[in-house]
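1. Generate a structure from the sequence data that follows.
(2 chains)
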Protein chains: 2
Amino acid sequence: MKLKMMYSFLNSDINIVEKELEDRIHTESLLLRQASLHILQAGGKRIRPVFVLLAGKFGHYDINVIKNVAVGLELIHMASLVHDDVVDDADLRRGKPTIKSKWDNKIAMYTGDYIFALAIELMTEIEKPVAHQILSNAIVELCIGEIEQIKDKYRFDQHLKDYLRRIKRKTALLIAVSCQLGAIAAGVDKDTHKKLFRFGYYVGMSFQITDDILDFTATEKELGKPAGSDLIQGNITLPVLYAMENPELKNKIQTVHENMDPTELKSIIQMIKDSGAIERSTKMSDLYLDKALQVLNELPENKAKKTLRDIAKFIGKRKY
Amino acid sequence: MKLKMMYSFLNSDINIVEKELEDRIHTESLLLRQASLHILQAGGKRIRPVFVLLAGKFGHYDINVIKNVAVGLELIHMASLVHDDVVDDADLRRGKPTIKSKWDNKIAMYTGDYIFALAIELMTEIEKPVAHQILSNAIVELCIGEIEQIKDKYRFDQHLKDYLRRIKRKTALLIAVSCQLGAIAAGVDKDTHKKLFRFGYYVGMSFQITDDILDFTATEKELGKPAGSDLIQGNITLPVLYAMENPELKNKIQTVHENMDPTELKSIIQMIKDSGAIERSTKMSDLYLDKALQVLNELPENKAKKTLRDIAKFIGKRKY
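-> Presented below is the predicted three-dimensional model:
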């Protein structure tokens, strides 16, 4: 089953969110409008808005309130992608030119700033101080994660806990907060929104580990960028960490650098795949997925819960 | 009289703000801590915190509440400086190496993001939704101003209103909001905090025009960067706009480019100074200053009001 089919009952609300996204980035600055629309139209799974809406179903669901949270979270995600592409020097995102490649790094930087500021502006419409505290704290952590990722590039002596902390900050927290804030905006009790936070956190961890596996196992067409992109940029992901437990392979992997010969890179990727690192990483992803499903079991039965379960399984086990 | 002497009665509170600034940027990420401390210790006038505190004196002044607003506003200003230096490719700020020159553009980008996120996090402690709406709206405008400034570089056919709108967004709004939020945090009535907003706006306009004049009239030592830096980077400021009313001078100015011969640049700067453009710009700055003082007259008499008057006069007429 395709991801979108899983939440087809939300379609009209997703469309409202999509329309709101477009309306919100409208500005009198033509340049800013074009750059923002560019990243918006590059698409994406809109998985954060979906989590916001589904979590909202555990309380008093009002699309006119909750859409602001959904749009805000997606904008924060988009802003972080724009800045990511500057740092990664990426020319393509989902097979389309990035803002930094279509315009330049400076435009990309301020477009990211602008989208981020818009998100904050939008969220102020939720008049619940706790929501702002949760969100702003997650953004601070996200920034720390981004800086740590730069610092940790090509650092081959790092540990599993460095990796886990990094993906927590970079990915899992924002998904966790999407679930939690959707619930808070719908007025659910503390116990429930904390559980939804934990569900989102575990799903986010599984999601990022899967993403890091796909960097090795998916094709360029599926990824919208060359396979092994993370590795060549010095991002030490879980499969790489596992593979480096073999000293010989570690020596090979440590020779990776940005201008490496593609054939040589390909052979290292193959060695990583042959080392059992992919299977071990998949196990770790499944572990987080199981935890997510366990938390879900503690929540009341409804249609949203069933959908959250389907989505969790899908994004933890997706092939691209 | 020196600026700091004007508000010496606030010294102990300024120290609390300074200490809080340092405490807030503390993070377990060493790299991020160093980069943030670097910009913090580069100093600056801390004029936004001073405005926050003084505006707070019109209401129920509680340093433990108002310090968060003061620190938040200064952090937003710092974040925008860090990103500015990336765009301007600036190696020096206040005579010290910039983050982008000491580390690199990528670190500077995320350090700016981090400081900005910290500011938002801090401001959530003020549980007044209207304060968040005012602030986030100002930040959105600030970002639009930054992008427009890039777009308007070396665009020699722009008008006075383009310039005024740009400096409003880039500078005046944040100073206006500093005054307004200081007042709101101290619980003053709407009429008063709106007046303080207007005061700050006019002061901010006068401040930026003065800044743009000083780029031509101050020495490299006073500026901490070479004179004419704005012009050579293609920033069309008020003195340039006035000078370009002379067609012959406009032709000369249009030849300015980034790698221009310093002697040639010097001669163009001298022509701008000889054209009467500086005097006319000073008049415009004085006009805004007068408006600021008029608004101030409508506010109740107190020590803070006297100080705001002194500071306004100082920063509108400062020589460096």
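
2. Now for A:Asp261, how many residues are close by?
-> 8 (other CB atoms under 10 Å in any protein chain shown). Every C-beta, even on glycine, is put in place using the N, C-alpha and C of the backbone.

3. Retrieve the pLDDT associated with it.
-> The confidence metric pLDDT takes the value 90 at A:Asp261.

4. before we move on, what about the one 5 residues further on?
-> Looking at A:Lys266, its pLDDT reads 91.

5. Name the SS class of it, please.
-> helix (DSSP: H, G, I helix; E, B strand; the rest coil).

6. Spatially, what comes nearest to A:Glu20 if we skip its sequence neighbours?
-> Closest residue to A:Glu20 apart from its sequence neighbours, by CB to CB, 6 or more residues apart in numbering or on different chains: A:Val71 at 4.9 Å.

7. Following element in sequence after the one helix or strand the one you found maps to, please.
-> A:Val71 belongs to helix A:63-87 when elements are defined using DSSP states H and E. The C-terminal neighbour of helix A:63-87 among helices and strands, as given by DSSP H and E, is strand A:92-93.

8. Could you pull up phi and psi at A:Pro97?
-> phi -60, psi 140 (degrees, to the nearest 10).

9. ok, so what distance separates it from A:Thr111?
-> Per CB to CB, to the nearest Å, A:Pro97 is found 14 Å from A:Thr111.

10. When the two are compared, which one has more neighbours?
-> Ranked by neighbour count (other CB under 10 Å), A:Pro97 and A:Thr111 place A:Thr111 first, with 29 against 15.

11. and the residue nearest to the spatial centre of chain A, what does it touch?
-> Central residue of chain A (CA atoms, centre = their mean): A:Thr171, 4.6 Å from the mean position. Applying CB atoms under 8 Å, 6 or more residues apart in numbering or on different chains, we find A:Thr171 in contact with A:204-205, A:207-208, A:211.

12. Quick check: residues of the stretch 201-320 of chain A near chain B?
-> Proximity of the stretch 201-320 of chain A to chain B (CB under 8 Å from any CB of the partner chain) involves no residue at all.

13. Just give me the neighbour total for A:Met227.
-> No, residue A:227 isn't Met; it's Ala. Neighbour tally, A:Ala227, other CB under 10 Å: 20.

14. Packing partners of the helix holding A:Val71?
-> Judged by 3 or more CB pairs under 8 Å, 6 or more residues apart in numbering or on different chains; DSSP states H and E, the packing partners of helix A:63-87 are helix A:11-24, helix A:30-41, helix A:47-56, helix A:99-102, helix A:105-123, helix A:129-151, helix A:173-185, helix B:105-123.

15. Please repeat the previous calculation with a cut-off of 6 Å.
-> helix A:11-24, helix A:47-56, helix A:99-102, helix A:105-123, helix A:173-185 (3 or more CB pairs under 6 Å, 6 or more residues apart in numbering or on different chains; DSSP states H and E).

16. Against chain B, how distant is the residue nearest to the centre of chain A?
-> Look at A:Thr171 and chain B: by CB to the nearest CB, to the nearest Å, they are 16 Å apart.

17. Equivalent analysis for A:Ile272, please.
-> 26 Å.

18. now A:Leu173
-> A:Leu173 sits 12 Å away from chain B when distances are taken as CB to the nearest CB.

19. ok, that residue - contacts?
-> A:138, A:141 (CB atoms under 6 Å, 6 or more residues apart in numbering or on different chains).

20. For whichever strand or helix holds A:Tyr202, buried residues please.
-> Assigned by DSSP H and E, A:Tyr202 belongs to helix A:190-217. Using 16 or more other CB atoms under 10 Å in any protein chain shown as the test for burial, helix A:190-217 gives A:192-193, A:195-217.

21. so what does it touch, helix or strand wise?
-> Judged by 3+ CB pairs under 6 Å, 6+ apart, the packing partners of helix A:190-217 are helix A:173-185, helix A:238-243, helix A:277-297, helix A:303-317.

22. what angle separates the longest one from helix A:190-217?
-> Interaxial angle of helix A:277-297 relative to helix A:190-217 (axes from the mean of the first three to the mean of the last three CA atoms, to 10 degrees): 160 degrees.

23. got the angle between helix A:277-297 and helix A:303-317?
-> 170 degrees.

24. Could I get the CA-only coordinates of helix A:277-297 as PDB?
-> Provided in PDB are the C-alpha atoms of helix A:277-297 (Å, rounded to 0.1, in the frame of the first residue of the first chain):
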ATOM      1  CA  ALA A 277      26.300  -3.700   8.400                       C
ATOM      2  CA  ILE A 278      23.000  -3.200   6.500                       C
ATOM      3  CA  GLU A 279      21.300  -6.100   8.200                       C
ATOM      4  CA  ARG A 280      22.500  -4.900  11.600                       C
ATOM      5  CA  SER A 281      21.300  -1.400  10.900                       C
ATOM      6  CA  THR A 282      17.900  -2.700   9.800                       C
ATOM      7  CA  LYS A 283      17.700  -4.600  13.100                       C
ATOM      8  CA  MET A 284      18.300  -1.300  15.000                       C
ATOM      9  CA  SER A 285      15.600   0.400  12.900                       C
ATOM     10  CA  ASP A 286      13.200  -2.400  13.700                       C
ATOM     11  CA  LEU A 287      14.000  -2.100  17.400                       C
ATOM     12  CA  TYR A 288      12.900   1.600  17.400                       C
ATOM     13  CA  LEU A 289       9.900   0.700  15.300                       C
ATOM     14  CA  ASP A 290       8.800  -1.900  17.900                       C
ATOM     15  CA  LYS A 291       9.100   0.600  20.600                       C
ATOM     16  CA  ALA A 292       7.000   3.000  18.700                       C
ATOM     17  CA  LEU A 293       4.300   0.400  18.200                       C
ATOM     18  CA  GLN A 294       4.400  -0.500  21.900                       C
ATOM     19  CA  VAL A 295       3.700   3.100  22.900                       C
ATOM     20  CA  LEU A 296       0.900   3.200  20.400                       C
ATOM     21  CA  ASN A 297      -0.700   0.200  22.200                       C
END
